[in-house]
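J.: just need the structure, nothing else, for what follows:
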Amino acid sequence: MLDIGYFLRTIFLLKRYKGTKKDGDLFDDYVIDGQCWLSDLDINWHMNNSRYLRECDFGRTTFLIETGLWKVLLARRNTNMKDANLLVSAFQVQYRQSIELGDKFQIGTRLHGWDDHAFYFEQFIILDKNQEKVFSLLVRMALTPRHLTPQMLIDDLKRGSIQSPKFSFYMQNFSDNYKLTLPNLKSKL
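T.: Reported below is the predicted structural model:
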């Protein structure tokens, strides 16, 4: 079934930033607001697990737009790389508390760094009613085609020489775990 709400919200985000020059700091926290609606509930009457991930999509979209990375990715598509794209290739989730109907929350997105193939993000959801972190997510976003590197996009921002910071212990473990694939599973990302 097509999720009309998802597409409408994405279009709203894109229109909200259309024509505005964004050059936010790559290493700032980017925060957007969310709320649990009736359509987000599962059979237990709390937010469905997949909706947490959906909300984080909006957080990453906002990050990409506000930092200018979305614009440089589109510029690559419009010139010599028609298939340039960012795709979620791995994530690690921790659910800590249920979100219930009507609950308002904030989705935070933070870039931790990048390697030769992907950007690494930490995302979290904080409930407004108690200010507790109820969800955390580590995300690996790979670039296609494979010869397009995160450093190339960072350089396209033309903000001087910016290099990836060293990963924190937990982000390094997440990155290392991604490389431990099943022997017969070949990743194209």
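J.: just the residues contacting the helix ranked longest in the chain, thanks.
T.: Criterion DSSP state H: the longest helix present in the chain is helix 49-67. Identification of contacts with helix 49-67 by CB atoms under 8 Å, 6 or more residues apart in numbering yields 3, 6, 9-10, 13-14, 17, 22-26, 30, 32, 34, 36, 40, 42, 69-71, 73, 86, 91, 93, 95, 99, 105, 107-109, 111, 121, 123, 125, 135, 137, 139, 141, 157. Just so you know, the C-beta spots here come from the backbone N, C-alpha and C atoms, and that holds for glycine as well.
J.: centre of the chain to the helix or strand following that helix, how far?
T.: Using DSSP states H and E, the helix or strand that follows helix 49-67 towards the C-terminus is helix 69-78. Chain-centre distance of helix 69-78: 17 Å, with CA atoms, centre = their mean, to the nearest Å.
J.: what comes into contact with helix 69-78?
T.: Residues from elsewhere that reach helix 69-78 (CB under 8 Å, 6+ apart): 22, 61, 63-65, 83-86, 148, 153, 156-157.
J.: now flag whichever of these is closest to Ser168.
T.: Set against Ser168, the nearest of the contacts of helix 69-78 by CB to CB is Phe63 (17.9 Å).
J.: quick one: the most centrally placed residue in the chain from Leu69, how far?
T.: Taking CA atoms, centre = their mean, the centroid of the chain lies closest to Arg60, which sits 3.1 Å from it. Computed as CB to CB, to the nearest Å, the Arg60 to Leu69 distance reads 10 Å.
J.: how about the residue nearest to Glu66 when sequence neighbours are not counted, what does it touch?
T.: Counting by CB to CB, 6 or more residues apart in numbering, Glu66 lies nearest to Gly24, which is 4.3 Å off, once chain neighbours are set aside. Neighbouring residues of Gly24 by CB under 8 Å, 6+ apart: 30, 66-68.
J.: at 10 Å instead, please
T.: Neighbouring residues of Gly24 by CB atoms under 10 Å, 6 or more residues apart in numbering: 30, 62-63, 65-69.
J.: that's all I had, so thanks and see you.
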